[in-house]
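Enquirer: can't give you the sequence, but here's the structure:
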């Protein structure tokens, strides 16, 4: 892979230690406080609107929570607001949950089954316009069946249902109906979690420990998160000693590797990056073009030169953490000569400028990326460089998030996925199933290529409804082998999420397989409730 100049390490803004001033957390002598910088906007804290779906919300608890300590493989779940793990009936269509006794929300009200029921019903309520609604389409009804019992009734057997119980629970009194994005919970969250929000500004959020937390008050008493959207700016502030930690892209993070007083953390994730192939674009909709581009990209070079070694090549959305459900043979070889031959045989003939054309259609299209995301920028440029080597011109365009989804039907996008990677179903279904190709279904980023493959649909549906683990694994292997024969994206890499933190005597930072979201709610701080000093 030939990298364009913008990918050079020399294009990174130089980082100076600037005297290594003390981090902001220690300026007032409080050694139980942390200051972290995040590249993601603050706010939108309503679980019904999708906040903390993967179990990372510090102000909320779900009925279950992640049990860390392994950064490879699927993490286990343990009871949280449930007093024990949910129990299915023989068909896995009815799940019973006992709600933990003696838990209070941070507004002083007591947790009860009615709060669980209200949270899940709000997701199903069309008036909420919850972005999670389609991912809970297996849920038919939820009701309280006793003073401490909730029953979930599903439309079909769904073995990974416990992963859907990571969602934070809000007080029923705060779920007043109407659009989830307009709820007061977005700026004034009330949960049962280990922290409570005490201040929110566009550039800063301050959390304090919930001293009445049902699982014991956290030892880290104050957490300040500052919003710093620019990657280089976060790295500079980290180097200047203003921060205790930040999420920083891999090449920038690697510049801290040999610096005294800093630690670079790279956590395994199921978070993929790939290029959509819009079905409404005559170039990217062409099956031969899709196959050729998959053969033409140097994924290993991207891992080495853009991820700084922190990641793995991706041919499908399925990482190897899924064990028997992973098909190791379902990969694309890096074969530029074969890619060129496929295009030529299919009538894509190079013109005088080297760009191919077929039936009057020029092999040229645009890939969009988010302007403040340097990693997506670099991957887009590398993809464009590789495509140019086989006679395909790819224009790279920075497009604001607000208008990005509306342009995905005509332009390709450098997207990511893996929002809830704790089962292959939640990793794959919304990315590949054709039901998400319908207008208005999903988040706007789901199945962004409008990909339709009946064989994959059948395998995804069969696996979703099966309770036989071996049969499910076989179905997911079928998905992968079918996909590499008829790709709908150009998958590029799986990321290791990289973070930089100041060295300290805190312990308890257990690694865990991370989802697509990777701000400072994750990394070393995902289990901040368990941090302790020796």
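Expert: Yep, it's here. Just so we're clear, the structure is a prediction, and the values are computed from it rather than from any experiment.
Enquirer: show me what contacts residue 493?
Expert: 272-273, 299, 302-303, 306-307, 311-314, 379 (CB atoms under 8 Å, 6 or more residues apart in numbering). Just so you know, the C-beta spots here come from the backbone N, C-alpha and C atoms, and that holds for glycine as well.
Enquirer: can you do 6 Å?
Expert: By CB atoms under 6 Å, 6 or more residues apart in numbering, residue 493 lies in contact with 273, 302-303, 311, 314.
Enquirer: Could you report the distance from residue 494 to residue 314?
Expert: To residue 314, residue 494 is 5 Å away according to CB to CB, to the nearest Å.
Enquirer: actually residue 471, not the one I typed
Expert: Distance from residue 471 to residue 314, by CB to CB: 25 Å.
Enquirer: for residue 83, same thing?
Expert: 39 Å.
Enquirer: Looking at the two, which one has more neighbours?
Expert: Using other CB atoms under 10 Å, the more surrounded residue of residue 83 and residue 314 is residue 314, with 25 against 15.
Enquirer: Am I right that residue 44 sits in a strand?
Expert: No. Secondary structure of residue 44 (DSSP: H, G, I helix; E, B strand; the rest coil): coil, not part of a strand.
Enquirer: That one reaches residue 188, doesn't it?
Expert: No. Residue 44 is beyond contact range of residue 188, at 11.9 Å (criterion: CB atoms under 6 Å).
Enquirer: re the thing from before, export the contacts of residue 493 to JSON lines and tack on distance to residue 249 and secondary structure?
Expert: Listed next are these as JSON lines, based on distance: CB to CB, whole Å; DSSP: H, G, I helix; E, B strand; the rest coil:
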{"residue": "273", "distance to residue 249": "12", "secondary structure": "strand"}
{"residue": "302", "distance to residue 249": "13", "secondary structure": "helix"}
{"residue": "303", "distance to residue 249": "14", "secondary structure": "helix"}
{"residue": "311", "distance to residue 249": "11", "secondary structure": "strand"}
{"residue": "314", "distance to residue 249": "17", "secondary structure": "coil"}
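Enquirer: Return the two entries of those residues that lie farthest from one another.
Expert: Within the contacts of residue 493, 273 and 303 form the most distant pair, 10.8 Å apart (CB to CB).
Enquirer: Which one's more surrounded, those two?
Expert: residue 273 (27 against 22).
Enquirer: mind checking how far that one is from residue 514?
Expert: For residue 273 relative to residue 514 (CB to CB), the value is 14 Å.
Enquirer: next one: residue 395
Expert: Taking CB to CB, one finds residue 395 at 32 Å from residue 514.
Enquirer: between those two, who's got more neighbours?
Expert: Neighbour totals were compared for residue 395 and residue 514, and residue 514 leads with 25 against 13 (other CB under 10 Å).
Enquirer: I figured the more buried one was touching residue 266, is that so?
Expert: No. Using CB under 6 Å, residue 514 is not in contact with residue 266, being 10.4 Å away.
Enquirer: And the contacts of stretch 338-346?
Expert: 288, 292, 295-296, 356, 390.
Enquirer: and it, how far out from the chain's middle?
Expert: Once both centres are worked out by CA atoms, centre = their mean, to the nearest Å, stretch 338-346 turns out to sit 35 Å from its chain's centre.
Enquirer: Also stretch 451-461?
Expert: Per CA atoms, centre = their mean, the centroid offset for stretch 451-461 relative to its chain is 23 Å.
Enquirer: same thing with stretch 132-147?
Expert: Counting by CA atoms, centre = their mean, stretch 132-147 comes out at 23 Å from the chain centroid.
Enquirer: Over to stretch 478-498?
Expert: 15 Å.
Enquirer: pretty sure residue 122 belongs to a strand, no?
Expert: No. Counting by three-state DSSP, residue 122 falls outside a strand, being helix.
Enquirer: That one: what's it in contact with?
Expert: Contacts of residue 122 (CB under 6 Å, 6+ apart): 48, 128, 175.
Enquirer: Any chance of these in CSV with secondary structure as columns?
Expert: Formatted as CSV, the contacts of residue 122 follow (three-state DSSP):
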residue, secondary structure
48, helix
128, helix
175, coil
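Enquirer: closest to residue 318 among the residues you listed?
Expert: residue 48 (29.5 Å).
Enquirer: Distance of residue 488 relative to residue 469?
Expert: 27 Å.
Enquirer: what do you get for residue 500?
Expert: 39 Å.
Enquirer: Is it correct that residue 515 is in contact with residue 421?
Expert: Yes. Taking CB under 6 Å as the definition, residue 515 is a contact partner of residue 421 at 5.2 Å.
Enquirer: So between residue 500 and residue 469, which is more surrounded?
Expert: residue 500 (28 against 12).
Enquirer: For the more buried one, give me the pLDDT.
Expert: Turning to residue 500, the model gives it a pLDDT of 98.
Enquirer: Would you agree it is in contact with residue 239?
Expert: No. Between residue 500 and residue 239 there is no contact under CB under 6 Å: 8.8 Å.
Enquirer: how about the strands in the stretch 151-300 of the chain?
Expert: For the stretch 151-300 of the chain, the strands defined by DSSP state E, counting those that start in this stretch occupy 195-201, 204-209, 222-227, 245-247, 262-276.
Enquirer: Name the residue in residue 515 and residue 421 with the higher neighbour count.
Expert: residue 421 (27 against 23).
Enquirer: do you know how far the residue lying closest to that one once chain neighbours are set aside is from residue 496?
Expert: Nearest non-adjacent residue to residue 421, counting by CB to CB, 6 or more residues apart in numbering: residue 270, 3.4 Å away. Distance, residue 270 to residue 496, by CB to CB: 11 Å.
Enquirer: For these two, indicate the residue with more neighbours.
Expert: Ranked by neighbour count (other CB under 10 Å), residue 270 and residue 496 place residue 270 first, with 27 against 23.
Enquirer: Can you tell me the SS state at the residue nearest to residue 135 when sequence neighbours are not counted?
Expert: Excluding its sequence neighbours, the residue lying closest to residue 135 (CB to CB, 6+ apart) is residue 430, at 6.6 Å. Following three-state DSSP, we place residue 430 in the helix state.
Enquirer: Give me the neighbour count for residue 430.
Expert: 22.
Enquirer: is it true that it touches residue 437?
Expert: No. Using CB under 6 Å, residue 430 is not in contact with residue 437, being 10.7 Å away.
Enquirer: Could you pull out the helices in the stretch 401-534 of the chain for me?
Expert: Along the stretch 401-534 of the chain, counting by DSSP state H, counting those that start in this stretch, helices occupy 424-432, 454-465, 469-485.
Enquirer: Please identify the most buried of the ones you listed.
Expert: Comparing the helices of the stretch 401-534 of the chain by mean neighbour count (mean count of other CB atoms under 10 Å), helix 424-432 comes out on top with a mean of 25.
Enquirer: how far off strand 262-276 does that one point, in degrees?
Expert: Relative orientation of helix 424-432 and strand 262-276, computed by axes from the mean of the first three to the mean of the last three CA atoms, to 10 degrees: 50 degrees.
Enquirer: What helices and strands are in contact with helix 424-432?
Expert: helix 454-465 (3 or more CB pairs under 6 Å, 6 or more residues apart in numbering; DSSP states H and E).
Enquirer: and the angle for the helix it packs on with helix 469-485?
Expert: Using the same axes, to 10 degrees: helix 454-465 against helix 469-485 is 160 degrees.
Enquirer: Tell me which other helices or strands helix 454-465 touches.
Expert: For helix 454-465, the packing partners by 3+ CB pairs under 6 Å, 6+ apart come out as helix 424-432, helix 469-485.
Enquirer: which residues touch it?
Expert: 156-157, 425, 429, 432-434, 472, 475-476, 478-479, 482.
Enquirer: In a markdown table: those, plus distance to residue 534 and pLDDT.
Expert: Listed next are the contacts of helix 454-465 as a markdown table, based on distance: CB to CB, whole Å; pLDDT from 0 to 100:
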| residue | distance to residue 534 | pLDDT |
| --- | --- | --- |
| 156 | 50 | 96 |
| 157 | 47 | 95 |
| 425 | 41 | 96 |
| 429 | 44 | 96 |
| 432 | 47 | 97 |
| 433 | 49 | 96 |
| 434 | 54 | 96 |
| 472 | 43 | 97 |
| 475 | 47 | 98 |
| 476 | 43 | 98 |
| 478 | 50 | 98 |
| 479 | 47 | 98 |
| 482 | 52 | 98 |
